[in-house]
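[1] Could you work out the structure for the sequence below:
(one chain, ligands or ions: 1)
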Amino acid sequence: MEIAIIAHDGKKADMVQFLNKNMDILHQENIKIIATGTTGGKAEAAGIKVKKLLSGPLGGDAQIAARVAEGKCKMVLFFKDPMSSHPHEPDINMLIRICDVHNVPVATNEATAQLLLNAIAI
Ligand SMILES: O=C(CO)COP(=O)(O)O
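    Now for the predicted structure:
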């Protein structure tokens, strides 16, 4: 199962903490992690094997949306920062819309991300 992780700059530290907390689930054999570029770098530094796509502002969110639309990515964990604005806001909204179009679970905050991961823990 391919899972995308994405975190805005203001939420990257929270994402790293979340990844560390959920290492057992994320290392399950059936799980593959993809990420936007900078988030992926942080995840790698935390010891997670991850396929890094472009950074968000350069099209990473759009790449993840494409994988959702193609049926490849089955879950999106997106730590959005509601307190800052982003030059690629249209891409962010597009990713969430594509998840809704294809009925793919998308968490936009940590509490929901935890519930989603708990649901796939073996
Ligand atoms: O901007 C992002 C999501 O919208 C995240 O991108 P990075 O992981 O490259 O910082």
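
[2] what's the nearest residue to whichever residue of the chain sits closest to the ligand if we skip its chain neighbours?
    Nearest to the ligand in the chain, going by CB to the nearest ligand atom, is residue 56, at a distance of 2.1 Å. Placement of C-beta: from N, CA and C, glycine included. Leaving out its chain neighbours, the residue that sits closest to residue 56 by CB to CB, 6 or more residues apart in numbering is residue 36, at 4.6 Å.

[3] who's in contact with the one you found?
    6, 52, 53, 54, 55, 56, 60, 61, 64 (CB atoms under 8 Å, 6 or more residues apart in numbering).

[4] again, but for residue 110
    Taking CB under 8 Å, 6+ apart, we find residue 110 in contact with 11, 14, 18, 79.

[5] And the helices in the chain?
    Assigned by DSSP state H, the helices in the chain fall at 12-21, 23-26, 37-45, 60-69, 89-101, 110-120.

[6] now do the same end-to-end measure for stretch 50-63.
    Terminal residues of stretch 50-63 lie 15 Å apart, using CA to CA, to the nearest Å.

[7] Tell me the buried residues in that stretch?
    Neighbour-count burial for stretch 50-63, counted by 16 or more other CB atoms under 10 Å, picks out 50, 52, 53, 54, 55, 56, 59, 60, 61, 62, 63.

[8] Mean neighbour count, the helices of the chain: which tops it?
    Ranked by mean neighbour count, these are led by helix 60-69 with a mean of 22 (mean count of other CB atoms under 10 Å).

[9] ok now the helix or strand of the chain with the lowest mean pLDDT, how far from the chain's centre?
    Across the helices and strands of the chain, the lowest-confidence element by mean pLDDT, DSSP states H and E is helix 23-26, at a mean of 95. Helix 23-26 sits 15 Å away from the centroid of its parent chain (CA atoms, centre = their mean, to the nearest Å).
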